[in-house]
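> Sequence and computational prediction follow.
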Amino acid sequence: MNCQQSLPEDGLDLCVRCGTHKRGFAQAIALGPYAEGWRRLILHLKAGSDRIVAGFLSARLAEELRQQPLLAPNIITFVPMTARERRCRGFNQSRLLAVGTAHRCGLPVARLLTKRVDTRRQSLLGAEQRRANLREAFRAVRSSPEVKSESVLLVDDVFTTGATAEACSQALLNAGYREVTVLVVARAEGSATSR
């Protein structure tokens, strides 16, 4: 199971999306469903730059990463925003989560991606529209021979259809990074979230 989508039958090991086309990321790991407590925490984090919530969520992400013995990322990065998006919100919640997680795990964190264009809000779009909305939106900041051995952990707040994770992962793979794993706070069913 790559994306943690709940499956209708016990005998299945891949959802329709992961089973019908190759994902850019190796797997996506979520702390829990985008419901109740996780949802409230994420909305609170996005509503204002609450460092306490960011710290709590980062600690939980770091704990989850340490409990995944097969994951050994060389570097942690985050889903970027455009300058306009950052000005509107005042901060990048994915960056806050990545920095906190990296600090707690003793791993380097770096801005490996840039978002080149302002896109429509993902929460307003269906699965196909989300992919189209993000096509060519992200680009890797650097590409050099040394990145080929690097395994990247991409941190974000919510995983819904995987369009954002996929677009970011593909940009990193195109730049030569070896592998991308996605770590998020919550996994949403449907499309009622911001990513």
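Yes, it's here.

> How about the backbone phi and psi for the closest residue to R111 other than its chain neighbours?
Nearest residue to R111, sequence neighbours excluded (CB to CB, 6 or more residues apart in numbering): V141, at 6.1 Å. Yep, even glycine has a C-beta here, placed from its N, CA and C like the rest. In terms of degrees, to the nearest 10, the main-chain angles of V141 are phi -70, psi -40.

> could you pull out the helices for this structure?
16-20, 36-47, 51-66, 83-89, 93-105, 127-134, 163-174 (DSSP state H).

> Show me what the last one is packed against.
Where contact means 3 or more CB pairs under 8 Å, 6 or more residues apart in numbering; DSSP states H and E, helix 163-174 is packed against strand 113-115, helix 127-134, strand 138-140, strand 151-159, strand 179-187.

> By neighbour count, which bits of it are buried? Give me those.
Burial within helix 163-174, assessed by neighbour count using 16 or more other CB atoms under 10 Å, is assigned to 163-173.

> Next: the longest one.
Applying a neighbour-count criterion of 16+ other CB under 10 Å, the buried positions in helix 51-66 are 53-54, 57-58, 60-62, 64-65.

> and the helices and strands packed on helix 163-174 as a markdown table, adding distance to K46, mean neighbour count and mean pLDDT?
Shown next, in a markdown table, are the helices and strands packed on helix 163-174 (distance: least, CB to CB, whole Å; neighbours: other CB atoms under 10 Å; pLDDT from 0 to 100):
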| stretch | distance to K46 | mean neighbour count | mean pLDDT |
| --- | --- | --- | --- |
| strand 113-115 | 17 | 20 | 93 |
| helix 127-134 | 18 | 16 | 60 |
| strand 138-140 | 20 | 19 | 90 |
| strand 151-159 | 7 | 25 | 96 |
| strand 179-187 | 11 | 25 | 97 |
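
> Nearest to G100, out of these?
Of all the helices and strands packed on helix 163-174, strand 151-159 sits nearest to G100, with 9.1 Å by CB to CB.

> Look up phi and psi at F91.
Per degrees, to the nearest 10, the backbone of F91 is at phi -170, psi 170.

> Tell me the gap between stretch 42-59 and the middle of its chain.
Chain-centre distance of stretch 42-59: 16 Å, with CA atoms, centre = their mean, to the nearest Å.

> er, stretch 170-186 I mean
The answer for stretch 170-186 is 9 Å, by CA atoms, centre = their mean.

> Any chance of JSON lines for the helices and strands packed on helix 163-174, columns distance to A98?
Listed next are these as JSON lines, based on distance: least, CB to CB, whole Å:
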{"stretch": "strand 113-115", "distance to A98": "11"}
{"stretch": "helix 127-134", "distance to A98": "19"}
{"stretch": "strand 138-140", "distance to A98": "15"}
{"stretch": "strand 151-159", "distance to A98": "4"}
{"stretch": "strand 179-187", "distance to A98": "9"}
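
> Quick one: closest of these to H103.
strand 151-159 (12.1 Å).

> name the helices or strands packed onto that closest one?
If you count contacts as 3+ CB pairs under 8 Å, 6+ apart, strand 151-159 packs onto helix 36-47, strand 75-78, helix 93-105, helix 163-174, strand 179-187.
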